[in-house]
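Participant: please find the sequence and the predicted model below.
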Amino acid sequence: MAPATMIVTNTPAPDLALTNLAYCSPLDLQTFTIPGTKLNLALIADSFVFSVSYPFETPHQSIQQGYIALNAIQRRRSRVSSGDSVSVSRFTPPDDFNLTVLTLELEFVKKGTKNEQIDAGALSSQLKKMFMNQVLTAGQKVSFEYHGTNYIFKVNQAVRSEESTPVDERGMISSETYFIFEAPSGNGIKHKEFNLQTLGIGGLGAEFADIFRRAFASRVFPADVTNKLGIKHVKGMLLYGPPGTGKTLMARQIGKMLNGKDPKIVNGPEVLDMYVGETEKKIRALFADAEKDQRLRGDESELHVIIFDEIDAICKSRGSNRGGPQVYDSIVNQLLTKIDGVESLNNVLLIGMTNRKDLIDEALLRPGRLEVKIEISLPDENGRIQILQIHTNNMKESSFLAPDVNLQELAARTKNYSGAELEGVVKSAVSFALNRQLSLDDLTKPVDEESIKVTMDDFLRALHDIVPTFGASTDDLERCRYGSSYLCSETLNLKVIRSLHK
């Protein structure tokens, strides 16, 4: 059956809203009948399949021909409102369409309802009777009444057979369907609290607090709360600053903190392709999973994190490459379409990282796109202590760190060091400690692990190995200060000599 357009209306009675059925006029019902069966199935908005009936009891208001009645949850899941036109077609189930396992997340309709013990076996039997031969899709929510209390369950997983993949989870409830009940997942955040040192992030507490306020806070609350507030989730952020300051580490950990898919990490230059249109195709492929997930699950879609390292390599200001190929312009346009276009996604968090914020097209940085801009700068002394603690924690627990090591002093001596350079200092210090246990004359000689100790002297020697890229060392500044009068006199003499030559 080719898709038809019907007008959405409300379910005509409260008790019918608890059946998960869609309702229509008897004149339209035959349109959804599966030949040779008593099933009437309709695919709504290319997203969800509902069993269809008509309100045959006399107290219920009749539904006009051309209208389809959906309850509030069904309308929300199909992303339509009463009075909207929606695409509807008959759904013919394929072979082996019965569900083997159905994983549900149960919640009360009224918030604050006192929790009570529910017999899972009895509830499974009741749900099987209520929704026999109905088609359920992963991400779908269904309201029902059980022992006088109204509940909602969310379909977390719908498996037809062992070969079924979680991407295409849909099937029909049968007498053989096995129900599994899970605790509510909550707010989309995996961790109830954030210990940055446990996550391996040091010296970035203020930056992370800013990121959480701007990008995470709205995702902690249920979707209906953010809808009532009339706000949209932040879809993109830009982490910028000198190399080695922890931008990539921060972005990776952000992806792990959220109840979302594993983050997709892309290096900017790797996206570029010599063939026309291939780069844009790669960009579209990055967003394909998020688009499919949003079509199936709507506001309940998991968060998809896409991380662009060296984003300045592909998002240069449009028109900056005069006379050359306009590949950068089309890449920027493609990203803008996906983030903030007509069919923009609400389940994506795009994280860009760069050392050159000034090269990025301004259109990407405005609100609604990469609107959260966080500078990840060189760590201060407290930050350096945290970073050194992170990188020496394992050796301290294993008793490889000598008692004379003073991290406070090391933090004071490492001004202008980035996080990566501090890690390099620790590695260099360890190399000095290991070298003492090796004999160049006989490398096969057994090593006494108990005698390995990384000392303060090893760290001080390592500071000569690893020097900061940014800023000037204290020793250089001291030499300049003490020799300032000499340098000034030398400069004056040079000026006199040059004037004489003129």
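Facilitator: Arrived safely.

Participant: how many other residues sit next to the nearest residue to Ser124 once chain neighbours are set aside?
Facilitator: Nearest residue to Ser124, sequence neighbours excluded (C-beta to C-beta, 6 or more residues apart in numbering): Phe179, at 4.0 Å. Using the backbone N, CA and C atoms, a C-beta is placed for each residue, glycine as well. By the criterion of other C-beta atoms under 10 Å, Phe179 has 18 neighbours.

Participant: now do Phe179, the pLDDT please.
Facilitator: As predicted, Phe179 sits at a pLDDT of 87.

Participant: and it, what helix or strand is that in?
Facilitator: Using DSSP states H and E, Phe179 falls within strand 178-182.

Participant: elements contacting the helix or strand following that strand?
Facilitator: The first helix or strand that comes after strand 178-182 along the chain, using DSSP H and E, is helix 205-211. Counting contacts by 3 or more C-beta pairs under 8 Å, 6 or more residues apart in numbering; DSSP states H and E, helix 205-211 packs against helix 247-257, strand 372-375.

Participant: could you rerun that using 10 Å?
Facilitator: The criterion is 3 or more C-beta pairs under 10 Å, 6 or more residues apart in numbering; DSSP states H and E, and the helices and strands that helix 205-211 contacts are strand 236-240, helix 247-257, strand 372-375, helix 381-397.

Participant: model confidence over it, on average?
Facilitator: Helix 205-211 shows a mean pLDDT of 73.

Participant: okay, buried residues for the strand holding Phe179 please.
Facilitator: Phe179, Phe181 (16 or more other C-beta atoms under 10 Å).

Participant: now do the strands in the stretch 251-400 of the chain.
Facilitator: 264-267, 304-309, 348-354, 372-375 (DSSP state E, counting those that start in this stretch).

Participant: need these in TSV with mean pLDDT and distance to Gln386, can you?
Facilitator: Compiled in TSV, these are given as follows (pLDDT from 0 to 100; distance: least, C-beta to C-beta, whole Å):
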stretch	mean pLDDT	distance to Gln386
strand 264-267	81	24
strand 304-309	84	23
strand 348-354	86	21
strand 372-375	86	18
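
Participant: Throw those strands into TSV and include distance to Gln157 and mean neighbour count, thanks.
Facilitator: Listed next are those as TSV, based on distance: least, C-beta to C-beta, whole Å; neighbours: other C-beta atoms under 10 Å:
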stretch	distance to Gln157	mean neighbour count
strand 264-267	22	16
strand 304-309	18	23
strand 348-354	22	25
strand 372-375	33	17
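
Participant: CSV for those strands, including distance to Asn333?
Facilitator: Shown next, in CSV, are the strands of the stretch 251-400 of the chain (distance: least, C-beta to C-beta, whole Å):
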stretch, distance to Asn333
strand 264-267, 18
strand 304-309, 16
strand 348-354, 15
strand 372-375, 21
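
Participant: show me the protein divided up by domain.
Facilitator: Domain assignment of the chain by automatic domain parsing yields the ranges 4-90, 101-182, 205-373, 381-471.

Participant: so who does Glu270 touch?
Facilitator: With contacts defined as C-beta atoms under 10 Å, 6 or more residues apart in numbering, the neighbours of Glu270 are Lys282, Asp309, Glu310, Ala313, Ile314.

Participant: ok, which of the strands of the stretch 251-400 of the chain comes nearest Leu123?
Facilitator: Taking C-beta to C-beta as the criterion, Leu123 comes closest to strand 304-309 out of the strands of the stretch 251-400 of the chain, the separation being 32.6 Å.

Participant: output the contacting helices and strands for that closest one.
Facilitator: Counting by 3+ C-beta pairs under 10 Å, 6+ apart, the packing neighbours recorded for strand 304-309 are strand 236-240, helix 247-257, strand 264-267, helix 268-271, helix 278-297, helix 327-340, strand 348-354.

Participant: from the chain's centroid, how far away is the first one?
Facilitator: It refers to strand 236-240. Going by C-alpha atoms, centre = their mean, to the nearest Å, the spacing between the C-alpha centre of strand 236-240 and its chain's C-alpha centre is 14 Å.

Participant: follow-up on the earlier one: lowest average pLDDT across the domains of the chain?
Facilitator: Per-segment mean pLDDT for the domains of the chain reaches its minimum on domain 205-373, at a mean of 75.

Participant: that older thread, got TSV for the helices and strands packed on strand 304-309, with distance to Ile118 too?
Facilitator: As requested, the helices and strands packed on strand 304-309 are arranged in TSV below (distance: least, C-beta to C-beta, whole Å):
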stretch	distance to Ile118
strand 236-240	41
helix 247-257	31
strand 264-267	39
helix 268-271	50
helix 278-297	25
helix 327-340	43
strand 348-354	35
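
Participant: ok, which of these comes nearest Ala158?
Facilitator: Of all those, helix 278-297 comes closest under C-beta to C-beta, at 10.8 Å.

Participant: give me the buried positions along that closest one.
Facilitator: 279-280, 282-283, 286-287, 289-291, 293-294, 296-297.

Participant: helices and strands around it, which ones?
Facilitator: strand 264-267, helix 268-271, strand 304-309, helix 327-340, strand 348-354.

Participant: center of this structure, which residue is that?
Facilitator: For the chain, the residue whose C-alpha lies nearest the mean C-alpha position (C-alpha atoms, centre = their mean) is Val305; its distance is 3.2 Å.

Participant: which residues does that residue bridge with?
Facilitator: Beta-bridge pairing of Val305, defined through DSSP bridges, involves Leu349.

Participant: roughly how far does it sit from Gln253?
Facilitator: According to C-beta to C-beta, to the nearest Å, Val305 and Gln253 sit 11 Å apart.

Participant: quick check: longest strand of the chain.
Facilitator: Longest strand in the chain by number of residues, with DSSP state E as the criterion: strand 149-159.

Participant: so that one versus helix 278-297, what angle?
Facilitator: Orientation check (axes from the mean of the first three to the mean of the last three C-alpha atoms, to 10 degrees): strand 149-159 against helix 278-297 gives 140 degrees.

Participant: surely the residue nearest to the centre of the chain touches Arg219?
Facilitator: No - with contacts counted by C-beta atoms under 10 Å, Val305 stays clear of Arg219, the gap being 11.6 Å.

Participant: buried residues in the longest strand of the chain, which are they?
Facilitator: Buried residues in strand 149-159, counting neighbours by 16+ other C-beta under 10 Å, are found at Tyr151, Phe153, Lys154, Val155, Asn156, Gln157, Ala158, Val159.

Participant: what about Val8, how many residues nearby?
Facilitator: Summarising burial for Val8: neighbours were counted as other C-beta under 10 Å, giving 22.

Participant: go through the buried residues of strand 149-159 and name the one nearest Ser81.
Facilitator: Looking at those and their distance to Ser81, the nearest is Lys154, at 21.3 Å (C-beta to C-beta).

Participant: who's that closest one bridged to?
Facilitator: Glu105, Lys141.

Participant: I'd say it and Glu107 touch.
Facilitator: Yes - using C-beta under 10 Å, Lys154 and Glu107 qualify as a contacting pair, with a distance of 7.4 Å.

Participant: for the helix or strand where Gly121 lies, packing partners?
Facilitator: Assigned by DSSP H and E, Gly121 belongs to helix 120-130. Applying 3+ C-beta pairs under 10 Å, 6+ apart, one finds that helix 120-130 contacts strand 101-108, strand 141-146, strand 149-159, strand 178-182.

Participant: kind regards, and thank you for your time.
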